[in-house]
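Trainee: Sequence first, then the predicted structure, then my questions.
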Protein chains: 2
Amino acid sequence: MQNSKEYVAKNKERFLTEIIELLKMPSISADSAFSQDVINTAEMVGKALDEAGCDHVEICETDGYPIVYGEKIIDPNLPTVLVYGHYDVQPPDPVELWDSPPFEPVIKETEEHPEGAIFARGASDDKGQMYMHVKALEFMVKTNQLPCNVKFMIEGEEEVGSVNIATYVANNREKLKNDVILISDTGMISKEYPSITTGLRGLSYVEVEVTGPNRDLHSGLYGGAVANPINILTKMIASLHDEDNHITIPGFYDKVEELSSEERAEMAKAPFDINAYQKALDIESVYGEKGYTTNERNSIRPTLDVNGIWGGYTGEGAKTVIPSKAYAKISMRLVPHQEWEVITDLFVKHFTNIAPKGVKVKVTPHHGGQGYVTPIDTIAYKAAAKAYETTFGKTPIPQRSGGSIPIVSLFEKELGSKSILLGFGSDSDAIHSPNEHFGLWFYYKGIETIPYFFKYFTEMMA
Amino acid sequence: MQNSKEYVAKNKERFLTEIIELLKMPSISADSAFSQDVINTAEMVGKALDEAGCDHVEICETDGYPIVYGEKIIDPNLPTVLVYGHYDVQPPDPVELWDSPPFEPVIKETEEHPEGAIFARGASDDKGQMYMHVKALEFMVKTNQLPCNVKFMIEGEEEVGSVNIATYVANNREKLKNDVILISDTGMISKEYPSITTGLRGLSYVEVEVTGPNRDLHSGLYGGAVANPINILTKMIASLHDEDNHITIPGFYDKVEELSSEERAEMAKAPFDINAYQKALDIESVYGEKGYTTNERNSIRPTLDVNGIWGGYTGEGAKTVIPSKAYAKISMRLVPHQEWEVITDLFVKHFTNIAPKGVKVKVTPHHGGQGYVTPIDTIAYKAAAKAYETTFGKTPIPQRSGGSIPIVSLFEKELGSKSILLGFGSDSDAIHSPNEHFGLWFYYKGIETIPYFFKYFTEMMA
């Protein structure tokens, strides 16, 4: 019987050509200018699933972008794995910082990827990782080694908060019924230290608008006499952290679980080189909440970051204006037990309360999602660990990630099943940044590893 | 002998058509995309001066935009008035807030201007006011009533800090020799309360750049662990004012002159309706430095305003990014005795000092200028006051303005002469804002009044 390693070796070139075609599609869900491209990408994914051996592939309409569904049911009495991924991508801007156009994939070697990496928006998040599952299915079907049932649900709105998938899932509980959900939309520490993501942060994303005078004013005639919405906005945002970088929103930390010193000691075992970290980002020093390490700050602690700010004159040269309005996009990363709707309400109430007289404040919640923790004593986790041992020759390290996949907790609520986060990305993939890329070694390793998860999971469930 | 009132009445339509043609030119000195339009505007002004009766009109090259010069010397033994103005304008953005295109002038009636006002960028600042002098000259020449010598110096870089006129003035001291400088680039209280501007604020304009990580980062993976340049920029800007809205830059107030209670009582006599002021701006309350009135805050007190801020994702929807850089344009309005170069240095030093580890800060000074006070006991001021009495039937109120005309103190230094600020604009002209306009009544009244200044000034100098 042929193993996945050989199959991947035989089909390397084709697997590369196929993902490159998919990466050429500018499926930017946040920007309506690209809506047709997003829809076309859904069609492409449907075709790929069909060719890989899925039955009944459907492009399911939603109030937003379609969800691509496909399945291969070999025996109702066998376990069922539901694969989730997304075909939409983050906006590429600032485009001028890309070394090659974001939607014209190129292969380049890097220090971390001597075997080469694909540079393109979505290479790692999530087209490249999602497509590993399509090719793993192809292998299992073509070589008659699919050990259980499989379902695919690939959405097109993950980068804008998975706004419509909740309704879809709620309306299709029976159809989506499964024993475990498999997701590759995260990373691992390194080749040498394979890891499985066991925790995700939640998210609350809001947009704020501060309005001062009803029109732009001359800063000479009015400067100092009326509230300048930019000055006020900076004051209000600055006040959201205290001098120890704790967040000042009343009630924000109420549900935050403090890890035991044992748990923190366990986390601290993960290899981490602070100097290499600072060097890679060209920063003199890290910065964050007092009393926590860098790895704790970006995984087990909630945060508040301004993701965008704008107001007044931002063109060439100088304009002495007091603008009428100033804006910011603010996101909060949440930890398990923090309810994102509650945190959003707390933010809205607090931000409105701290507005001084002389300005009007509007807060618009964008989207959000719950944090999540995967137990490591489940069959699914054990099967995943064994799959990594088979292909990496090492036991994976369980690791909390700072990122968010809001959908995961929704799945548990609606479908009653746990998710396993088989991430093959690297921290250096620059997802959401210019020059996003995905190492070819990891792409092929993923396709090689996934079938073993299916094999061991089916065996352990028996 | 014909008086200016009759002449204006006879030529109303032509005076309007001419200024409309000038206002159609997008002479935006801050945006290099419009450089050819700025140059063409200089040509137009030269032609207008020539037709109004100037001799030796020249378009004088500089390292930036040209200075238009013209003169009419009737007798070297008579006094000489130098008229200064500018033909460049502020950028019109945000263009979407204009009710009519900024460079397609339209006449509309407003509550304050029942006789109609010209709506266009530059209508009041400064094309409209500058052109009053051209038409006043036309009247005096055509009716043989020019009582003294006159020189015109109209520049094209006032809105970007008059960067090249200093060299021009220094190299042309003899040519520009004069007994008084006449400038109409300010406003008056109202028809009922004509006023002459006797004080101007200085200016220091800088741009700041805060750099965190060397590339945009995913806010989930790095949020809370590295300095977010936007969060830091807001913290740094917020710290520039204390809770009483005093500016916190060390040494900033050292040279600020405290007015006596008598002087402040005198100022307080100027008619001012706080409710009308707040209603006009649609604000619930004014906002500013503790211990000073609104009219003091925007005239005799220095200020610090953010004129523009940008960084991160500012497009549609949501992007969970920690940007590499964040920027702001900041201007400080200064009062007499505050040296703008000194203040700029203090800002650069302070802003760099308060940057936390983990970010790099760059401060780029844009431009600046000195504040100015016109003594009211000079012949020039008395002549101006008498001119207003003649045409308004009222003695003008001396008034400090919050605006800046950096050039004025340069003139005094280089040419040894005082400037008289015969402003015919209104606070509601929306200069530097969308829907800038200039009341026709004031435009015509200016053309009518200026010749009387020439007359009385010459008589009083005799």
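Mentor: Done, it's in.

Trainee: Check which residues of the helix or strand where A:Ala383 lies are buried.
Mentor: Per DSSP states H and E: A:Ala383 is located in helix A:379-392. Under the neighbour-count criterion of 16 or more other Cβ atoms under 10 Å in any protein chain shown, helix A:379-392 has A:Ile379, A:Ala380, A:Tyr381, A:Ala383, A:Ala384, A:Ala385, A:Lys386, A:Ala387, A:Tyr388, A:Thr390, A:Thr391, A:Phe392 buried. In this view, the C-beta of every residue, glycine as well, is placed from N, C-alpha and C.

Trainee: how about that helix as PDB, C-alpha atoms only?
Mentor: Extracted as PDB, the C-alpha positions of helix A:379-392 are listed here (Å, rounded to 0.1, in the frame of the first residue of the first chain):
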ATOM      1  CA  ILE A 379      -9.200  10.800  21.300                       C
ATOM      2  CA  ALA A 380      -9.000  13.500  18.600                       C
ATOM      3  CA  TYR A 381      -6.000  15.200  20.300                       C
ATOM      4  CA  LYS A 382      -4.300  11.800  20.900                       C
ATOM      5  CA  ALA A 383      -4.800  10.800  17.200                       C
ATOM      6  CA  ALA A 384      -3.400  14.200  16.100                       C
ATOM      7  CA  ALA A 385      -0.300  13.700  18.400                       C
ATOM      8  CA  LYS A 386       0.300  10.200  17.000                       C
ATOM      9  CA  ALA A 387       0.000  11.500  13.400                       C
ATOM     10  CA  TYR A 388       2.700  14.100  14.100                       C
ATOM     11  CA  GLU A 389       4.900  11.500  15.800                       C
ATOM     12  CA  THR A 390       4.600   9.400  12.600                       C
ATOM     13  CA  THR A 391       5.600  12.200  10.200                       C
ATOM     14  CA  PHE A 392       7.800  14.400  12.300                       C
END
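
Trainee: helix or strand right after it?
Mentor: strand A:397-400.

Trainee: Can you tell me the strand partners of that following strand and which way each runs?
Mentor: Neighbouring strands of strand A:397-400 in its sheet, by DSSP bridges, are strand A:195-200 (parallel).

Trainee: What lies in contact with the strand it pairs with?
Mentor: A:186-189, A:270, A:299-300, A:336, A:371-376, A:381, A:384-385, A:388, A:396-401, A:403-405, A:408, A:420-423 (Cβ atoms under 8 Å, 6 or more residues apart in numbering or on different chains).

Trainee: Now list the buried members of these.
Mentor: In the contacts of strand A:195-200, the ones that pass as buried (16+ other Cβ under 10 Å) are A:186-189, A:299-300, A:336, A:371-372, A:374, A:381, A:384-385, A:388, A:396-401, A:403-405, A:408, A:420-423.

Trainee: mind checking how far the residue of the stretch 351-462 of chain A found nearest chain B is from A:Leu203?
Mentor: In the stretch 351-462 of chain A, the residue that lies nearest chain B is A:Gly403 (3.4 Å; Cβ to the nearest Cβ). Using Cβ to Cβ, to the nearest Å, one obtains 9 Å as the distance from A:Gly403 to A:Leu203.

Trainee: what about the strands in the stretch 351-462 of chain A?
Mentor: For the stretch 351-462 of chain A, the strands defined by DSSP state E, counting those that start in this stretch cover A:360-369, A:372-373, A:397-400, A:419-421, A:437-439.

Trainee: make that the stretch 1-150 of chain A, sorry
Mentor: Listed in chain order, the strands found in the stretch 1-150 of chain A under DSSP E, counting those that start in this stretch are A:55-60, A:67-72, A:80-86, A:106-108, A:117-119, A:149-155.

Trainee: Turn those into TSV, including mean neighbour count.
Mentor: Shown next, in TSV, are the strands of the stretch 1-150 of chain A (neighbours: other Cβ atoms under 10 Å in any protein chain shown):
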stretch	mean neighbour count
strand A:55-60	14
strand A:67-72	23
strand A:80-86	25
strand A:106-108	14
strand A:117-119	25
strand A:149-155	25
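
Trainee: Tabulate the ones you listed in a markdown table, adding columns for distance to A:His241 and mean pLDDT.
Mentor: Output for these, formatted as a markdown table (distance: least, Cβ to Cβ, whole Å; pLDDT from 0 to 100):
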| stretch | distance to A:His241 | mean pLDDT |
| --- | --- | --- |
| strand A:55-60 | 42 | 96 |
| strand A:67-72 | 38 | 98 |
| strand A:80-86 | 32 | 98 |
| strand A:106-108 | 38 | 98 |
| strand A:117-119 | 35 | 98 |
| strand A:149-155 | 34 | 98 |
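
Trainee: Now render those strands as a markdown table, adding distance to B:Thr320.
Mentor: Below are the strands of the stretch 1-150 of chain A laid out as a markdown table (distance: least, Cβ to Cβ, whole Å):
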| stretch | distance to B:Thr320 |
| --- | --- |
| strand A:55-60 | 26 |
| strand A:67-72 | 22 |
| strand A:80-86 | 14 |
| strand A:106-108 | 25 |
| strand A:117-119 | 21 |
| strand A:149-155 | 17 |
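
Trainee: how about the helices in chain A?
Mentor: Assigned by DSSP state H, the helices in chain A fall at A:4-23, A:35-52, A:127-142, A:165-171, A:173-176, A:219-222, A:229-238, A:261-268, A:274-281, A:294-297, A:340-353, A:379-392, A:407-415, A:440-461.

Trainee: most packed of these?
Mentor: Neighbour counts (mean count of other Cβ atoms under 10 Å in any protein chain shown) averaged over each of the helices of chain A peak at helix A:219-222, with a mean of 27.

Trainee: and that one, how far out from the chain's middle?
Mentor: Chain-centre distance of helix A:219-222: 45 Å, with Cα atoms, centre = their mean, to the nearest Å.

Trainee: again with stretch A:388-396
Mentor: The answer for stretch A:388-396 is 24 Å, by Cα atoms, centre = their mean.

Trainee: which residues touch that stretch?
Mentor: If you take Cβ under 8 Å, 6+ apart as the criterion, stretch A:388-396 is touched by A:5, A:188, A:191-196, A:384-385, A:445, A:448-449, A:452.

Trainee: What's the mean pLDDT across that stretch?
Mentor: Here stretch A:388-396 scores 95 as its mean pLDDT.

Trainee: Between the two ends of that stretch, what distance do you get?
Mentor: 7 Å (Cα to Cα, to the nearest Å).

Trainee: swap in stretch A:369-387?
Mentor: 29 Å.

Trainee: repeat for stretch A:84-92
Mentor: 23 Å.

Trainee: Equivalent analysis for stretch A:191-210, please.
Mentor: First-to-last residue span, stretch A:191-210, Cα to Cα: 47 Å.

Trainee: list the buried ones in that stretch?
Mentor: A:194-210.

Trainee: quick revisit: so what sits against both of A:Gly403 and A:Leu203?
Mentor: Counting by Cβ under 8 Å, 6+ apart, the residues touching both A:Gly403 and A:Leu203 are B:Gly220.

Trainee: near chain B, which residues of the stretch 1-150 of chain A show up?
Mentor: Applying Cβ under 8 Å from any Cβ of the partner chain, we find that the stretch 1-150 of chain A lies next to chain B at A:Ser29, A:Ala30, A:Asp31, A:Ser32, A:Gln90, A:Pro91, A:Asp93, A:Pro94, A:Leu97.

Trainee: Mind giving me the ChimeraX select for these, buried ones only?
Mentor: Only the buried entries of the residues of the stretch 1-150 of chain A next to chain B go into this ChimeraX selection, using 16+ other Cβ under 10 Å:
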select /A:29,30,31,90,91,93,94
